[in-house]
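Undergrad: Give me the fold of what follows.
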Amino acid sequence: MTMPQFSQPAPATPAPKKSKAKGCAGIGCLGVIAVIVIIGVASAMSNKNTPTSSSAAPVIAGAPTSGAAAPAPAAAAPKTLLTLKGTGIKNTAQFTTGSAWTVAYTFDCTAFGSQGNFVVSDETGMPLVNELKAKGSGSSPQYTGGTHHLEINSECDWTLNVTG
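TA: Below you'll find the predicted structure:
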């Protein structure tokens with residue numbers, strides 16, 4: 001007996017895979033969207049501290065309302081605490097400073113005939129200025145308030161000005 005032969009259907013071929021959009025390759029579309037959102041949030045946060053222009057002047061309690069903005073207060077000019085001119089070794093008188101003060105100086109050793117040493121030390125013996133040359137100038141900011149005196153040690157002609 002012969003058996004009827006049935007033909008078997010061909011196996012189904014899977015549908016071709018859709019290719020990813022070229023703009024989303026690598027990290028995927030969700031990753032691209034996440035990056036855009038992060039950049040937008042960062043931009044918004046950085047603009048939060050940026051003043052925006054406005055045609056209206058701010059209203060300050062107790063300020064005149066004439067429409068003109070009040071000028072900003074000027075910074076106080078440093079006060080001269082000590083001025084001294086000399087040659088050789090000298091100790092200054094005591095002077096009192098706030099927390100920030102400056103020693104400005106010039107020196108000229110040309111009359112000495114060569115380079116000279118110019119040293120300015122504070123009351124502890126700590127040098128604030130120490131230069132070796134024919135002439136020079138500069139300043140040395142200091143940040144220790146209180147009562148001070150300085151010692152100048154030089155064979156040169158010099159000037160010293162302390163402000164604070």
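Undergrad: Thr124 should be in a strand, yeah?
TA: No - read with DSSP: H, G, I helix; E, B strand; the rest coil, Thr124 is coil and lies in no strand.
Undergrad: what about it, neighbour count?
TA: 7 (other C-beta atoms under 10 Å). (Each C-beta comes from the backbone N, C-alpha and C, glycine too.)
Undergrad: Then Val103?
TA: Neighbour tally, Val103, other C-beta under 10 Å: 22.
Undergrad: Point out where the chain drops to low pLDDT.
TA: 1-72 (pLDDT under 70).
Undergrad: need the strands for it, in chain order.
TA: 80-87, 90-91, 95-97, 101-108, 116-121, 127-133, 135-142, 146-148, 151-154, 157-163 (DSSP state E).
Undergrad: I'd like to know which of those strands is closest to Ala74.
TA: strand 157-163 (16.6 Å; C-beta to C-beta).
Undergrad: List the neighbouring strands of the closest one plus their orientation.
TA: strand 80-87 (antiparallel), strand 101-108 (antiparallel) (DSSP bridges).
Undergrad: so of the ones you listed, which one's packed in deepest?
TA: strand 101-108 (a mean of 20; mean count of other C-beta atoms under 10 Å).
Undergrad: How about residues contacting that strand?
TA: 78, 81, 116, 118, 120, 128-129, 131, 134-142, 145, 150, 154, 156-164 (C-beta atoms under 8 Å, 6 or more residues apart in numbering).
Undergrad: hmm, which of the residues you listed are the buried ones?
TA: Neighbour-count burial (16 or more other C-beta atoms under 10 Å) applied to those gives 81, 116, 118, 120, 128-129, 131, 135-136, 142, 150, 154, 156-158, 160-164.
Undergrad: Show me which residues of stretch 148-155 are buried.
TA: Result for stretch 148-155 [16+ other C-beta under 10 Å]: buried residues 148, 150-152, 154-155.
Undergrad: Done for today, thanks.
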